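A.B. asks: My questions are about this predicted structure, shown below with the sequence.
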Amino acid sequence: MRIRAILLTIVLIAGCSPTPTPVPSVVASPATGSPSPAQSNSSPESPSVAPPTATVRLALDWTPNTDHTGFYVAKSKGWYASAGIDLQVLPYGSTTPETLLAAHQAECGISFQDSLTFAAAAGADIASVAAILQRTASAIGVLADGPITRPRELDGKTYAGFGYPNEVPTLKAVIKADGGKGDFKVATLNGAAYEALYNKQADFTIPFTAWEGVEAQERGIKLRYFAFAEYGFPEFYQVVLACDRSWLQRDPDAARRFVAATVQGFEFAAREPDAAAAILIAENPGVFDANKALPQESQHYLVDNGFLLDSNGKFGTQTLERWQGYSGFLYDQGLLVDAAGKPLSAPLDYSSLFTDDFLP
């Protein structure tokens, strides 16, 4: 479900922008003294004035799922409308959100730390304005009743993969950290990777535990997981809200209002997972007819395992340490390439990949 063609993204972005736009080191901060997204634009002596309506096109990364719950909650509750935001959800098609943002065909979209880093290296002028998941919900998965009990035992086994350029280096790093050699066979199967593991045609894969993992449990398939961070691998923001930097600079007030309403939606989802999942289902008729329990169980999984909020109970916050750690790993592995497909000769300015300036 979370697997997308990163290499295609890079090619498409390069095609949209033969001459990469220089990436500023920071996104323009809200003007000093400007009202916060939650504040009224009116003074106590004057009647309340509604903010001007701004259209925000949100590009999805896949069919609606619990990574998106907060957007549908905020829309259903009228929080975007109250903030003067006309939210237009762009269904996922053959073009990735990063490509749409780079081409200014969407203001914001669902991305991932690795996807955004690849896109920025290739010249996309985009930035993450909020972490949707505070850490990765993906992990190495094996059958729980099988003989594999730790990563070093994956040496010589078969990995059912998805074709991401960072898959093999990540797996090698985890296996080596556990004392293994990092030698294994790779079968690129995309969406069939999970079934290959379940049917014992492969030995391990990388499920998204909050969706495929929950779905497997519903089917009575028990999995054993090896979390990357438990073996010294840098933690990262699996899912982020990315925006076109030119839009952020052109209309920072609308951006703050959009992000504030989004935060309100996701914080509701963190407090009320059942109600939030019900809204996700109602806002997407027909999408979950085959399994209406899955979004509810997935929403509980995200909440119960602390994926949505930081240690202070806040949604969306990001740190340079986390962006530098994992995005730096991608650079160190030689995986980051420019618009011409050539490996970067110097690391990115990792502080340019994200900003918390638009959080309420």
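C.D. replies: In hand now; what should we look at?
A.B. asks: Which parts of the stretch 1-150 of the chain are strands?
C.D. replies: 54-59, 85-90, 108-111, 126-131, 140-143 (DSSP state E, counting those that start in this stretch).
A.B. asks: want to try CSV for the ones you listed, with distance to residue 330 as columns?
C.D. replies: To be clear about C-beta, it is placed using only N, CA and C from the backbone, and glycine gets the same treatment. Below are the strands of the stretch 1-150 of the chain laid out as CSV (distance: least, Cβ to Cβ, whole Å):
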stretch, distance to residue 330
strand 54-59, 22
strand 85-90, 27
strand 108-111, 14
strand 126-131, 15
strand 140-143, 18
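A.B. asks: Dump those into a markdown table; add mean pLDDT as well.
C.D. replies: Output for those, formatted as a markdown table (pLDDT from 0 to 100):
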| stretch | mean pLDDT |
| --- | --- |
| strand 54-59 | 98 |
| strand 85-90 | 98 |
| strand 108-111 | 98 |
| strand 126-131 | 98 |
| strand 140-143 | 98 |
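A.B. asks: Any chance of CSV for those, columns mean neighbour count and distance to residue 302?
C.D. replies: Formatted as CSV, those follow (neighbours: other Cβ atoms under 10 Å; distance: least, Cβ to Cβ, whole Å):
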stretch, mean neighbour count, distance to residue 302
strand 54-59, 20, 19
strand 85-90, 17, 20
strand 108-111, 27, 15
strand 126-131, 26, 13
strand 140-143, 22, 17
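A.B. asks: so which of those comes closest to residue 260?
C.D. replies: Closest of those to residue 260 is strand 85-90, at 9.4 Å (criterion: Cβ to Cβ).
A.B. asks: for that closest one, packing partners?
C.D. replies: Packing contacts for strand 85-90, counted by 3 or more Cβ pairs under 8 Å, 6 or more residues apart in numbering; DSSP states H and E, involve strand 54-59, helix 69-76, helix 252-271.
A.B. asks: and with 7 Å instead?
C.D. replies: If you count contacts as 3 or more Cβ pairs under 7 Å, 6 or more residues apart in numbering; DSSP states H and E, strand 85-90 packs onto strand 54-59, helix 252-271.
A.B. asks: Let me know which of the ones you listed is tucked in deepest.
C.D. replies: Most buried of the helices and strands packed on strand 85-90, by mean neighbour count (mean count of other Cβ atoms under 10 Å): helix 252-271, with a mean of 24.
A.B. asks: Report the rounded mean pLDDT for it.
C.D. replies: Average pLDDT, helix 252-271: 98.
A.B. asks: which residues sit against that helix?
C.D. replies: 28, 30, 34, 37-38, 51, 54, 56, 69-71, 73-74, 79-80, 83-85, 129-130, 241, 243, 247-248, 276, 299, 303, 308-309, 315-316, 358-360 (Cβ atoms under 7 Å, 6 or more residues apart in numbering).
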